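A.B. asks: Prediction below, plus the sequence it came from.
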Amino acid sequence: MASFTGLSSPPFMCRCFSPVSSFRSISSAVQFKKGASNRRLFVVPVKCSSTEPSQDADSEAQSTTLSSSSLSSSSSTYKWCAGIGAVGFLETAYLTYVKLSNSDAFCPVGGVNCGDVLNSDYAVVFGVPLPLIGLVSYGFVMTLSLQLNAKTLPFGIDEMYGRLALLGSTTSMAAASAYFLYILSTKFAGASCSYCLMSALLSFSLFLISVKDAGLREIQRVVGLQLCIATLVILTLNTAYGTSQMVPTSLAEVELPFFTTEITTTSSPFALSLARHLRSIGAKMYGAFWCSHCLEQKQIFGSEGSKLLDYVECFPNGYKKGTKMAKACADAGIEGFPTWVIHGQVLSGEQELAELAEVSGFDFNE
């Protein structure tokens, strides 16, 4: 019977087989040299594999699950942004039409105050109607969200940069809305504007959704950029309103009911004839009831002559903050009072009778 004279092998790593099967595996690797006086056992190191799922496989499955969950969350975010952007696009499209056509907006809440805000000087930024800027902004967010959801960004732009563009856009819109709410509460105290509040709600919603989708880590990386964007937007708006020609403070802070002023001077024959001539050729004088120069112009024509003029009152319903001029004055592009329009020629300021006669082609001797 053969005897084992030596056995040397490294430790076995076997978690899955029984001792019997392990021994059989070892025995199969042993080779005997028959006829040798000393029989040696050569043991081949064996490392048993486990039948349990490996940790790498578990990690990979978990990673796949998290990735799928992240993709699903991003897709939902893009759909929400696209939907909210579409609502804002429709709202600003209507307000843009109202602004460009000089029509009155339908205000379900707020009545006259709503129109006063929408037609005030604060509804224009560097000469561009504010609703038009909102139309472009909401349209951009809506289009970008749809492209991110479909993964069809133009020019081969990476999705990461597309998400940053979406976050930057919603940040600028939220900053602008916050500034406009400040203007609404300070410059139009007591006035309500349902369109303004709705736009602010949409902008803040877009910002919060995009921030939630970005996650804390990504926000920490770009928070400096967001602050720069918000600061730039506020400075731009502040500069625009600081350089624009606002209504004088003496008028902006009061409410003036419409009133008429009696003309006390007597009309001369020349003034009466000129007034009739100006009316016959369609010449118009545009003015405002609170304008002292308009009153002086009427005093020059006299009580009877001033009644013959084709005078257009630009604020027939009185004046208060946010009140817009009458449509006839706005259509004529009136910027100051009084303003004469004679044969298509515009004369600004108070005019002498001789100047009006010359421009209109009036000859008193005739």
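C.D. replies: Yes, it's here.

A.B. asks: which residues in the chain form helices?
C.D. replies: 19-28, 55-101, 112-118, 130-150, 159-187, 194-243, 249-252, 269-280, 292-308, 327-331, 353-360 (DSSP state H).

A.B. asks: now for the fourth one, which elements pack on it?
C.D. replies: In this structure, helix 130-150 packs against helix 55-101, helix 159-187, helix 194-243, with contacts taken as 3 or more C-beta pairs under 8 Å, 6 or more residues apart in numbering; DSSP states H and E. Yep, even glycine has a C-beta here, placed from its N, CA and C like the rest.

A.B. asks: re earlier: out of the helices of the chain, nearest to Phe315?
C.D. replies: helix 327-331 (8.5 Å; C-beta to C-beta).

A.B. asks: got the contact list for that closest one?
C.D. replies: 102, 286, 312, 314, 324 (C-beta atoms under 8 Å, 6 or more residues apart in numbering).

A.B. asks: show me where pLDDT drops low in the stretch 201-350 of the chain?
C.D. replies: 243-254, 321-322 (pLDDT under 70).

A.B. asks: circling back to that earlier point, just say which of the helices and strands packed on helix 130-150 is most tucked in.
C.D. replies: helix 159-187 (a mean of 18; mean count of other C-beta atoms under 10 Å).

A.B. asks: what angle separates that helix from helix 130-150?
C.D. replies: 150 degrees (axes from the mean of the first three to the mean of the last three C-alpha atoms, to 10 degrees).

A.B. asks: Return the list of helices and strands in contact with helix 159-187.
C.D. replies: So helix 159-187, by 3+ C-beta pairs under 8 Å, 6+ apart, packs with helix 55-101, helix 130-150, helix 194-243.

A.B. asks: same thing but 6 Å
C.D. replies: Contacting helix 159-187 under the criterion 3 or more C-beta pairs under 6 Å, 6 or more residues apart in numbering; DSSP states H and E are the following elements: helix 130-150, helix 194-243.

A.B. asks: List the buried residues for the shortest one?
C.D. replies: Of the residues in helix 130-150, those with enough neighbours to count as buried (16 or more other C-beta atoms under 10 Å) are 130-135, 137-142, 144-149.

A.B. asks: related to what we said a few turns ago, in CSV, list the helices of the chain along with distance to Ile342.
C.D. replies: What follows is the helices of the chain, written out as CSV (distance: least, C-beta to C-beta, whole Å):
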stretch, distance to Ile342
helix 19-28, 114
helix 55-101, 28
helix 112-118, 32
helix 130-150, 34
helix 159-187, 37
helix 194-243, 32
helix 249-252, 28
helix 269-280, 7
helix 292-308, 14
helix 327-331, 16
helix 353-360, 5
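
A.B. asks: out of those, which comes closest to Thr339?
C.D. replies: Comparing the helices of the chain by C-beta to C-beta, helix 327-331 comes nearest, at 8.5 Å.

A.B. asks: Filter the contacts of helix 327-331 down to the ones in strands?
C.D. replies: Counting by DSSP state E, those place 286, 312 in strands.

A.B. asks: could you flag which of the contacts of helix 327-331 are buried?
C.D. replies: Buried among the contacts of helix 327-331 by 16+ other C-beta under 10 Å: 286, 312, 314, 324.

A.B. asks: how close does the last one get to Ser120?
C.D. replies: Distance, Lys324 to Ser120, using C-beta to C-beta, to the nearest Å: 8 Å.

A.B. asks: what does the first one give?
C.D. replies: Plainly put, Tyr286 is 20 Å away from Ser120 if you go by C-beta to C-beta.

A.B. asks: just the third one next, same as before
C.D. replies: When C-beta to C-beta is applied, the distance between Cys314 and Ser120 equals 15 Å.

A.B. asks: contacting residues for the residue sitting nearest the centre point of the chain?
C.D. replies: The centroid of the chain falls nearest to Met173 when counting by C-alpha atoms, centre = their mean (3.8 Å). Under the criterion of C-beta atoms under 6 Å, 6 or more residues apart in numbering, the neighbours of Met173 are 137, 203.

A.B. asks: If we use 7 Å, what do you get?
C.D. replies: 137, 203, 206-207 (C-beta atoms under 7 Å, 6 or more residues apart in numbering).

A.B. asks: so which of the residues you listed comes closest to Gln297?
C.D. replies: Taking these together and measuring to Gln297 by C-beta to C-beta, the closest member is Ser137, at 44.9 Å.

A.B. asks: thinking again about what came up before, between the contacts of Met173, which is closest to Gln345?
C.D. replies: Using C-beta to C-beta, the contacts of Met173 come closest to Gln345 at Ser137, 40.8 Å.

A.B. asks: Quick check: the closest one vs Cys193, distance?
C.D. replies: Ser137 is 18 Å from Cys193, by C-beta to C-beta.
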